[in-house]
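Trainee: Got a predicted structure here, sequence first:
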Amino acid sequence: MASPAPLPIPDTQLARATTTVIAPSPQTPSFIIDSKNKTYKFQYSNIYFLRLRALREFVQKAAIKRWMKLPGNPSFVPRVLEVEPSQLCYIIGTVYLDMPLKPNVMEDIARDHSIPAPPPPPYYYSTDDQVMMEDESGRIQLVGERLKSEKLVTGLIIGALGMETPDGKFEVADFCYAGLPPQPSTTKEEPEDRMEVDSSNTKDLPTDEWIGVVSGLNIGAPSPSDGQIQLLVEYLTGEEGSADDQVCVSQISRLIIAGNSMAPMLVTGKGEADAEGDKKSRKFGYDGTTFSSHPVLSLSGHLLDMGRAMPIHILPGETDPSGTILPQQPFPRAMFGAISSFSSFTCETNPTYLHLSSDSTHITRTFLLHSGQPVNDMFKYLPSPPHTPLSTVESTLKWRHIAPTAPDTLWCHPYFTSDPFIIPETPDIYIVGGQKKFMTKLVENDDNDHGLRKRCRIVLVPEFSETGILVLINLRSLGVKIVRFRGENMTGSMPDTNYLDGTKTSSSELIPLVEPESSIPRSGSSPTCL
C-alpha cells in the first residue's frame, strides 16, 4: 500500500490580521442606560418633541434647497394649524399613520380577557390608513396621490409641499427629508484606493482586513443547526479548508454576532405543580423541568473556541435572553463562562456604534449595527413589493433616524433629554442582522455645498440557522463577500434547490458580492439563490 503524500508546508507562517477599536466620536450617541436615566416616570410623547426639535432645522434647509425655485414661491408655515387655504406652502412635522390593523393598547385593556386574543397581524397597512402630520400646535391630515408612492411610517420628521383643501386637509405635492447626515471621515483629498469602494472595480489586496458578521445562530432551536455552527467555528479558527482558505481566514480580523444567538425558550408544561411540588428542590431558583442551560453553555463553548483566534463583539437580539425594549443593554459577561475573561471579547448594546482602525492601512471606519428589530417593525407599515428591507434601511439614512416607529409600535426606553436613535453622522458601514435574505448596497450622495462625497455600505445579514451565511466586509474597499456553510442531510440547513449550484458539500463556499433583487415577496418563504 502506497504511503500518503506529505502535507504541504507553507513558505511563510500565517498571522491574523488585526484591527483596533478606537474611541467613539463626540457626536456618536451612547446607548448605555446608566442608573441616572433608568427610570420610567417620563411620558413617551417627549421623544417625539425631542425628535422634531432636533431634525426640524435639517429638514427646513433641505426643503429650501429643493423648492426655492418652484413657480409660486412657496412659503414656509412654521405651525401646521396656521396653513391658509389655497396657498402653496410647505410644513414640517411628525408623521403619524392612523392604521386600523395596528395594535391598540386601549382595545387590549377593554378586551374580554376570558377569550383568547387574536394573533397579531403580520403587517399593519391597509386601504383604510390615514396619514397625519403633527407638531406642537396640533395635527392635520395629509391627502393626495403623492402619498401612494412615498415610503412613510409613523415617527418620521418630514417636510410636505402642498396646499390646504376646502375641507381642511393638506393635499401634498412633494415630500422632503433631512437627507444623509455629515460624514466626518470623508475628506476632499482622499487616497485613490479609498475613493473606489465598489467591489466590482476594486481588487482585494493581500493585506486587507476583513470583518466577519453573522446573525441568527438560534442555538437551542427545535431544529438546531449545530453542524453548520461547528463548520463556522472550524473555518474561523483555521481548522477547515485548504491552504487558500486559511489565507483568507487569516485576513478576518474580528467577528461581529448581530443578535439572535439563542432561540426563544420553549415552555414544555412539565413544570406544573404536582402532589410533591412543595418538596421539589429548585437549583438557583428555577425549575429544571422547564429550563435548560444547554443553549447558553453551547454558545459559550463556541465563543471560547472562536475567541482564542480573534476578537468578538456580540449584540443581543429579539430572541436572546435580554431586555425587550430598545436599546437592549449588553449581555452580562459572566453568563458566557471562560470567554468573559478575554479582553478581546466585548458585549455591545443593540443598537451600537463601533469605530475600527486598520493596523496596516490606518483607515478608520465607523460601523452602525443593530439586530434588525427596527427594520422588521417598519416593514410592517409598507407593502412589498415595491418596498424591500434594503430600501427601508437606505431610507433610515435619509430620515436620519434608526427607529422612527419607536415608541409607537416598537418598544423603547422613555428618554427625556435626547433621542439616541437619531443618526448624527453617516456611518461607513451599516449592518442589520436578523433578516431573511442577504442583501447589500453602496449608498452614495454628493454634498455639493461642501464638495464632499458621502458613502455608506449597507449590509443585511440573514439568519445563519436558515441560510448558513457568514458575511465578510473589506475594511479598506468596503467590498462584501459571503461564505455559505452547508452539508448533506444536515439538520437546519437549506434545501438543495436553494444552493447556488445545486451541489452538496460539507465545506465552506466562497461567493462573491451579488447585488440584491429589486423586491422581495412578503410570503415568508425561505431565501432564494444569491
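Mentor: Alright, I've got the coordinates. Numbers count the residues shown, from 1 in each chain.
Trainee: for this structure, what's the longest helix?
Mentor: For the chain, the helix with the greatest residue count under DSSP state H is helix 45-67.
Trainee: State the mean pLDDT of it.
Mentor: In this model, helix 45-67 has a mean pLDDT of 95.
Trainee: can you pull out the strands in the stretch 51-200 of the chain?
Mentor: Using DSSP state E, counting those that start in this stretch, the strands of the stretch 51-200 of the chain run over 75-76, 89-98, 130-134, 139-143, 157-164, 170-176.
Trainee: Mean neighbour count added to those, as JSON lines?
Mentor: For glycine as for every other residue, the C-beta is placed from the backbone atoms N, C-alpha and C. Below are the strands of the stretch 51-200 of the chain laid out as JSON lines (neighbours: other Cβ atoms under 10 Å):
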{"stretch": "strand 75-76", "mean neighbour count": "12"}
{"stretch": "strand 89-98", "mean neighbour count": "22"}
{"stretch": "strand 130-134", "mean neighbour count": "18"}
{"stretch": "strand 139-143", "mean neighbour count": "18"}
{"stretch": "strand 157-164", "mean neighbour count": "22"}
{"stretch": "strand 170-176", "mean neighbour count": "20"}
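Trainee: Could you dump those into CSV with distance to residue 37 added?
Mentor: Listed next are the strands of the stretch 51-200 of the chain as CSV, based on distance: least, Cβ to Cβ, whole Å:
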stretch, distance to residue 37
strand 75-76, 35
strand 89-98, 23
strand 130-134, 26
strand 139-143, 29
strand 157-164, 23
strand 170-176, 33
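Trainee: out of those strands, which comes closest to residue 344?
Mentor: Closest to residue 344 of these is strand 157-164 (Cβ to Cβ; 39.4 Å).
Trainee: Quick check: which ranges of the stretch 101-250 of the chain have low pLDDT?
Mentor: Where the stretch 101-250 of the chain drops to pLDDT under 70, the residues are 185-203.
Trainee: Which of the three states applies to residue 41?
Mentor: coil (DSSP: H, G, I helix; E, B strand; the rest coil).
Trainee: what do you get for residue 27?
Mentor: Here residue 27 is recorded as coil under three-state DSSP.
Trainee: For it, which non-adjacent residue is spatially closest?
Mentor: Leaving aside its sequence neighbours, residue 27 sits nearest to residue 424 (Cβ to Cβ, 6 or more residues apart in numbering; 4.4 Å).
Trainee: Please tell me the pLDDT value assigned to that neighbour.
Mentor: 95.
Trainee: quick one: contacts for it?
Mentor: 27-29, 181, 400 (Cβ atoms under 8 Å, 6 or more residues apart in numbering).
Trainee: gap between it and residue 452?
Mentor: Using Cβ to Cβ, to the nearest Å, residue 424 is found at 16 Å from residue 452.
Trainee: quick revisit: now the two most distant members of the contacts of residue 424.
Mentor: Farthest pair in the contacts of residue 424 (Cβ to Cβ) is 28 and 400. Separation: 13.8 Å.
Trainee: These two: who's more crowded?
Mentor: Between residue 28 and residue 400, residue 400 has the larger neighbour count (other Cβ atoms under 10 Å), namely 25 against 19.
Trainee: gap between that one and residue 23?
Mentor: For residue 400 relative to residue 23 (Cβ to Cβ), the value is 23 Å.
Trainee: same check, this time on residue 86
Mentor: Look at residue 86 and residue 23: by Cβ to Cβ, they are 55 Å apart.
Trainee: Mark out where each domain of the chain begins and ends.
Mentor: Split into domains by automatic domain parsing, the chain comes to 19-38+181-265+292-512, 45-108+118-176.
Trainee: can you redo those domains as a markdown table with distance to residue 12?
Mentor: Output for the domains of the chain, formatted as a markdown table (distance: least, Cβ to Cβ, whole Å):
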| stretch | distance to residue 12 |
| --- | --- |
| domain 19-38+181-265+292-512 | 10 |
| domain 45-108+118-176 | 51 |
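Trainee: so how far does stretch 460-478 reach from one end to the other?
Mentor: Start and end residues of stretch 460-478 are separated by 14 Å (Cα to Cα, to the nearest Å).
Trainee: Can you list the buried residues in it?
Mentor: For stretch 460-478, burial by neighbour count (16 or more other Cβ atoms under 10 Å) applies to 460-478.
Trainee: where do the strands sit along the stretch 251-400 of the chain?
Mentor: Taking DSSP E, counting those that start in this stretch as the test, the strands found in the stretch 251-400 of the chain are 252-258, 312-315, 345-347, 352-358, 364-370.
Trainee: Dump the ones you listed into JSON lines; add distance to residue 334, mean neighbour count and mean pLDDT as well.
Mentor: Shown next, in JSON lines, are the strands of the stretch 251-400 of the chain (distance: least, Cβ to Cβ, whole Å; neighbours: other Cβ atoms under 10 Å; pLDDT from 0 to 100):
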{"stretch": "strand 252-258", "distance to residue 334": "18", "mean neighbour count": "24", "mean pLDDT": "96"}
{"stretch": "strand 312-315", "distance to residue 334": "14", "mean neighbour count": "24", "mean pLDDT": "97"}
{"stretch": "strand 345-347", "distance to residue 334": "10", "mean neighbour count": "19", "mean pLDDT": "97"}
{"stretch": "strand 352-358", "distance to residue 334": "20", "mean neighbour count": "21", "mean pLDDT": "95"}
{"stretch": "strand 364-370", "distance to residue 334": "23", "mean neighbour count": "23", "mean pLDDT": "96"}
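Trainee: Columns distance to residue 220 on top of the ones you listed, output as CSV?
Mentor: Output for these, formatted as CSV (distance: least, Cβ to Cβ, whole Å):
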stretch, distance to residue 220
strand 252-258, 15
strand 312-315, 16
strand 345-347, 19
strand 352-358, 24
strand 364-370, 22
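Trainee: Of all those strands, which one comes closest to residue 117?
Mentor: So among these, strand 364-370 is nearest, using Cβ to Cβ, at 28.7 Å.
Trainee: in the stretch 251-400 of the chain, which segments are predicted with low confidence?
Mentor: 266-292.
Trainee: Which parts of it are helices?
Mentor: 294-307, 373-378, 389-399 (DSSP state H, counting those that start in this stretch).
Trainee: Looking at these, spot the one closest to residue 435.
Mentor: Closest approach to residue 435 among the helices of the stretch 251-400 of the chain (Cβ to Cβ): helix 389-399, 5.9 Å.
Trainee: how much does that closest one deviate in direction from strand 89-98?
Mentor: Interaxial angle, helix 389-399 versus strand 89-98 (axes from the mean of the first three to the mean of the last three Cα atoms, to 10 degrees): 140 degrees.
Trainee: Can you name the secondary structure element that comes next after helix 389-399?
Mentor: Later in the chain than helix 389-399, the nearest helix or strand by DSSP states H and E is strand 429-435.
Trainee: What residues of whichever helix or strand comes after that next one count as buried?
Mentor: Downstream of strand 429-435, the next assigned helix or strand under DSSP H and E is strand 439-447. By neighbour count with 16+ other Cβ under 10 Å, strand 439-447 contains the buried residues 439-443, 445.
Trainee: pretty sure residue 457 is in contact with residue 428, am I right?
Mentor: Yes. Residue 457 is in contact with residue 428 according to Cβ atoms under 8 Å; the separation is 6.9 Å.
Trainee: Show me the common contact partners of these two, please.
Mentor: With Cβ under 8 Å, 6+ apart as the test, residue 457 and residue 428 both reach residue 478.
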